[in-house]
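1. what would the 3D arrangement of this be:
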Amino acid sequence: MDQPPSTPSAAGNARRPWIVGVSGASGTPYAAAVLRALLHAGEAVDLVVSRAARLTILDETGSPFRDAHWREDLRRWLATGAGGRKDAFDVHLPDDAVRHWAAGDLAAGPSSGSYPAKGMLIVPASTACVAGVALGLSKDLLQRAASVTLKERRPLVVAVRETPLAGTTLKHLVALDEAGAVVLPASPAFYAGATGIQDLVDFVAGRVLDSAGVPHKLYRRWEGELGAQHPGRDSRE
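-> Numbers count the residues shown, from 1 in each chain. Next up is the predicted model:
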């Protein structure tokens with residue numbers, strides 16, 4: 001991966017990050033792809049990883065995510081491809097590009113509407129997370145930051161990852177949509193010429209960033225010509 005441009009703070013402007021929440025649903029490669037693309041686009045990130053998500057990261061990547069070693073663990077996580085290869089990506093973390101907030105820290109910056117943020121992306125979003133945000137429970141920093149994002153009328157993208165969906169969850173998703181959130185099921189598409197797991201993951205991550213208005217080159221866009229996406233495509237892991 002190419003080295004991303006300097007972050008807004010490095011350029012001398014006020015830091016205004018995207019808050020990225022990672023809940024305990026399966027699909028942590030989606031979160032890793034979103035984080036890599038945000039950094040590549042020069043965006044600042046505030047990261048909140050729920051307690052359940054730490055178990056999922058360990059299960060899906062074989063690596064821990066610890067408060068005391070979060071930068072080291074984050075670099076290892078982001079370097080891991082969706083197929084499990086540990087050195088699939090060259091990860092560069094510029095100073096102040098990422099801030100990590102513990103999920104139990106309800107006094108953290110993102111817990112307040114006065115904290116400057118562009119919006120929030122929850123990737124992946126478990127049904128428990130969806131319910132907590134829809135009901136305004138604010139049981140941890142992830143849910144509280146999402147509630148703040150809604151009340152401040154900032155963009156909130158909820159990449160729900162569950163199947164099948166129960167009626168209660170469907171009602172919660174409708175409530176989030178009515179509150180102004182973008183409900184984005186983690187549903188990979190195949191028209192972009194996917195040849196590997198990472199391509200399918202990148203498509204979902206790209207759609208998350210599309211909803212947030214962040215430029216990226218994670219997947220080939222539809223150009224209105226059947227079969228145009230497939231010829232000559234290089235396969236990845």
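
2. can you point me to the longest helix in the chain?
-> In the chain, with assignment by DSSP state H, the single longest helix is helix 197-212.

3. now do that one: which elements does it pack against?
-> Here helix 197-212 touches helix 28-40, strand 119-125, strand 156-160, going by 3 or more Cβ pairs under 8 Å, 6 or more residues apart in numbering; DSSP states H and E. Just so you know, the C-beta spots here come from the backbone N, C-alpha and C atoms, and that holds for glycine as well.

4. which of the ones you listed is buried the deepest?
-> strand 119-125 (a mean of 29; mean count of other Cβ atoms under 10 Å).

5. is residue 21 in contact with residue 48, as I believe?
-> Yes - between residue 21 and residue 48 there is a contact at 4.8 Å, judged by Cβ atoms under 8 Å.

6. re earlier: between the longest helix of the chain and strand 119-125, how many degrees?
-> 150 degrees (axes from the mean of the first three to the mean of the last three Cα atoms, to 10 degrees).

7. quick one: helix 197-212 to chain centroid distance?
-> The chain centroid and the centroid of helix 197-212 are separated by 9 Å under Cα atoms, centre = their mean, to the nearest Å.

8. quick one: buried residues of it?
-> For helix 197-212, the neighbour count (16 or more other Cβ atoms under 10 Å) marks 197-212 as buried.

9. got the CA coordinates for that helix in PDB?
-> C-alpha atoms of helix 197-212 as PDB (Å, rounded to 0.1, in the frame of the first residue of the first chain):
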ATOM      1  CA  ILE A 197     -11.800 -12.800  -0.400                       C
ATOM      2  CA  GLN A 198     -10.000  -9.400  -0.100                       C
ATOM      3  CA  ASP A 199     -11.900  -8.100  -3.200                       C
ATOM      4  CA  LEU A 200     -15.300  -9.000  -1.500                       C
ATOM      5  CA  VAL A 201     -14.200  -7.300   1.700                       C
ATOM      6  CA  ASP A 202     -12.900  -4.200  -0.100                       C
ATOM      7  CA  PHE A 203     -16.300  -3.800  -1.900                       C
ATOM      8  CA  VAL A 204     -18.200  -3.600   1.400                       C
ATOM      9  CA  ALA A 205     -15.500  -1.200   2.900                       C
ATOM     10  CA  GLY A 206     -15.800   0.900  -0.300                       C
ATOM     11  CA  ARG A 207     -19.500   1.200   0.000                       C
ATOM     12  CA  VAL A 208     -19.100   2.300   3.600                       C
ATOM     13  CA  LEU A 209     -16.700   5.000   2.500                       C
ATOM     14  CA  ASP A 210     -19.000   6.000  -0.400                       C
ATOM     15  CA  SER A 211     -21.800   6.600   2.200                       C
ATOM     16  CA  ALA A 212     -19.400   8.800   4.200                       C
END
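
10. neighbouring contacts of it?
-> Outside helix 197-212, the residues that touch it by Cβ atoms under 8 Å, 6 or more residues apart in numbering are 18, 29-30, 33-34, 37-38, 41, 81-83, 88, 118-119, 121, 123, 155, 157, 159, 182, 184, 186-190, 192-194, 215-216, 218-219, 236-237.

11. sorry, back to before: may I see the helices and strands packed on helix 197-212 arranged in JSON lines, with mean pLDDT and distance to residue 144 as well?
-> As requested, the helices and strands packed on helix 197-212 are exported to JSON lines (pLDDT from 0 to 100; distance: least, Cβ to Cβ, whole Å):
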{"stretch": "helix 28-40", "mean pLDDT": "98", "distance to residue 144": "19"}
{"stretch": "strand 119-125", "mean pLDDT": "98", "distance to residue 144": "11"}
{"stretch": "strand 156-160", "mean pLDDT": "98", "distance to residue 144": "13"}
